[in-house]
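1. return atomic coordinates for the entry below.
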Amino acid sequence: MRQVIVVGGGASGMMAAVGAAREGARVTLLEKNEKTGKKIYITGKGRCNLTNACEKSAFFDQMISNGKFLYSAFEKMDNHSVMDFFEKSGCRLKQERGMRIFPVSDHSSDVIAALNRQMKKEGVEVCLHTRAAEVLTEQYNENGREPDLIGEAVREKKSVRGVRLSDGRILEADAVILATGGKSYESTGSAGEGYMFAQRLGHTLKEMRPALVPFCVKESWCMDLQGLSLKNVSLVMTKDKKKIYEGFGEMLFTHFGVSGPLILSASSYYAKKYYGMQVKLSIDLKPALTPEQLDQRILRDFEENRNRQFKNALDHLLPARMTGIIVTLSGIDPARKVNEITRTERSRLAACIKNLTLTVTGTRGFSEAIVTQGGVNVKEVNPSTMESKLVRGLYFAGEVLDVDGLTGGFNLQIAWSTGYLAGICAAREAGQGRNKLCAEERKKK
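-> Here you go, the predicted model:
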């Protein structure tokens, strides 16, 4: 029976273990934490948005990095297959706004329990508190034979031999799947070991950056709005007037800047090409109203409050905590009676509401990022199998790869798809002649 070792007990690792076991492999999953799925527990604010029910084409539209690399993985286990997997595993699902899929219970623990049940059912050996220290390899001749008499060169390649644990023990294997996650939320165990393993084995890495992460901004008045959530606003992010991102949704003011679903999505585009640069955010607080309609709305509110001071006349138009900021930014005297405000001043007020501008100075760190952008260069990985092109029997799955998407269940779908494909391919390919080749090479030495 073929032996497959999965390093990492997160979403992609557990799915890889199930996939390999279903193909008849003897599977050992190594998890350094005290339990599996530790990062899954906190996804979706503890509810676990485990996938999205959108159409296939829409799924790839939500990818930020290397979406085409995922075609084969998605074909093998798409979003509907994932939903079917969890329903059959005893985790009932529901669909919410934006076609996001959650467990009916709203408990991420039910997703983890379903995966653990499946691993137990398939006979996966789960080793908790077990840390991998090194992926072991050995050389083999690509053609499994000696060079011919006229000096033909036979290229030497690496092949997986097993894993050395932190306590010194060696576990032999026909295939090793690295599903170690990225660098985001290090408290869950994502410390970047997989990147180290990959580099030692000859793989190159794309620069890692925090993605789906809050923004830090220059404007100090954001601190005064800490905790204020805005719904149904639109946002445009620009660099030197060039549009980088445009979206609609919900955002949140914090003591350092801004967060929320709309901001997190913008941050992934920022991380891709503009990381570390200053960019502008333009927020439309009333996207459903044209400038003309907004002016009429302001006039109506002013008519109802004609004898009130300007600072007290915006309560029906804006959240109470925001009125003071908008009054200040408009440049209109707060004590002016609204019936004295000119058309030009109304235009300035409308401009503040339709174009509230913030200056992004950077992002928060990996400890607050939902995903890691960057990682193992996908050009060095076979997209049809998730196997390394450099090391035979080495497979990758999940966030360790340079693939990522927007919020809405898409990153967990990447984990399920790449994990399952890596698992079944590792089980099918592992051991097919490899042990024989390696044994022959050792004899020759």
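
2. low-confidence ranges in this protein?
-> 141-156, 189, 430-445 (pLDDT under 70).

3. count of residues packed around A11?
-> Counted with other CB atoms under 10 Å, residues neighbouring A11 total 31. (Each C-beta comes from the backbone N, C-alpha and C, glycine too.)

4. would you confirm that it contacts I40?
-> Yes. A11 lies in contact with I40 (CB atoms under 8 Å); the separation is 5.7 Å.

5. overlap in contacts of the two?
-> L412 (CB atoms under 8 Å, 6 or more residues apart in numbering).

6. residues in contact with the most centrally placed residue in the chain?
-> The C-alpha lying nearest the average C-alpha coordinate of the chain belongs to V371 (CA atoms, centre = their mean; 3.6 Å). For V371, the contact set (CB under 8 Å, 6+ apart) comprises G182, S184, A211, L212, S268, E399, D404, N411.

7. would you list these in CSV and tack on neighbour count, secondary structure and distance to E138?
-> Listed next are those as CSV, based on neighbours: other CB atoms under 10 Å; DSSP: H, G, I helix; E, B strand; the rest coil; distance: CB to CB, whole Å:
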residue, neighbour count, secondary structure, distance to E138
G182, 31, coil, 29
S184, 25, coil, 34
A211, 30, strand, 36
L212, 26, coil, 39
S268, 27, helix, 40
E399, 32, helix, 28
D404, 27, strand, 33
N411, 29, helix, 35
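
8. now render those as a markdown table, adding distance to G194.
-> Formatted as a markdown table, the contacts of V371 follow (distance: CB to CB, whole Å):
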| residue | distance to G194 |
| --- | --- |
| G182 | 8 |
| S184 | 13 |
| A211 | 17 |
| L212 | 19 |
| S268 | 21 |
| E399 | 8 |
| D404 | 15 |
| N411 | 16 |
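
9. element containing M251?
-> strand 242-253 (DSSP states H and E).

10. so which bits of that strand are buried?
-> I244, Y245, G247, G249, M251, L252, F253 (16 or more other CB atoms under 10 Å).

11. so what's the last one closest to, chain neighbours aside?
-> Counting by CB to CB, 6 or more residues apart in numbering, the nearest residue to F253 once its immediate chain neighbours are dropped is L225, at 3.8 Å.

12. can you report phi and psi for that neighbour?
-> Backbone torsions of L225, given as degrees, to the nearest 10, read phi -100, psi 10.

13. ok, it - how many residues close by?
-> With other CB under 10 Å as criterion, L225 counts 20.

14. pull the contacting residues for it.
-> Counted by CB under 8 Å, 6+ apart, L225 has contacts F253, R321, M322, I325.

15. these in strands, which ones?
-> Of the positions in the contacts of L225, F253 sit in strands, assigned by DSSP state E.

16. quick one: which of the contacts of L225 is most hemmed in?
-> With neighbours taken as other CB under 10 Å, the top of the contacts of L225 is F253, carrying 25 neighbours.

17. so what are the domain limits for this structure?
-> Each domain of the chain is listed here as a residue range: 3-209+372-444, 214-364, per automatic domain parsing.

18. who does G247 form a beta bridge with?
-> G247 has these beta-bridge partners by DSSP bridges: L235.

19. wait, doesn't G409 sit right on N49?
-> Yes. Using CB under 8 Å as the test, G409 is close enough to N49 to be in contact (4.4 Å).

20. so those two - more neighbours on which side?
-> Counted by other CB under 10 Å, G409 and N49 do not tie: G409 has more neighbours, with 28 against 22.

21. residues contacting that one?
-> Neighbouring residues of G409 by CB under 8 Å, 6+ apart: N49, L50, T51, N52, N79, R100, I101.

22. what's the answer for L205, then?
-> Counting by CB under 8 Å, 6+ apart, L205 has contacts Y195, A198, Q199, G374, G375, V376, N377, D402.

23. CSV for the buried residues of strand 242-253, including distance to K280?
-> Shown next, in CSV, are the buried residues of strand 242-253 (distance: CB to CB, whole Å):
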residue, distance to K280
I244, 9
Y245, 11
G247, 15
G249, 18
M251, 15
L252, 19
F253, 17
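
24. who's in contact with the closest residue in space to A133 that isn't next to it in sequence?
-> Spatially, and ignoring its direct neighbours in sequence, A133 is nearest to S166 (4.6 Å; CB to CB, 6+ apart). Applying CB under 8 Å, 6+ apart to S166 gives the contacts R131, A132, A133.

25. residue ranges of the strands in the stretch 201-350 of the chain, please?
-> Secondary structure of the stretch 201-350 of the chain (DSSP state E, counting those that start in this stretch): strands at 205-211, 215-217, 229-239, 242-253, 257-259, 279-284.

26. same list (those) but as JSON lines, adding distance to L29.
-> JSON lines is the format used below for the strands of the stretch 201-350 of the chain (distance: least, CB to CB, whole Å):
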{"stretch": "strand 205-211", "distance to L29": "24"}
{"stretch": "strand 215-217", "distance to L29": "37"}
{"stretch": "strand 229-239", "distance to L29": "39"}
{"stretch": "strand 242-253", "distance to L29": "37"}
{"stretch": "strand 257-259", "distance to L29": "34"}
{"stretch": "strand 279-284", "distance to L29": "42"}
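
27. cheers, nothing more for now.
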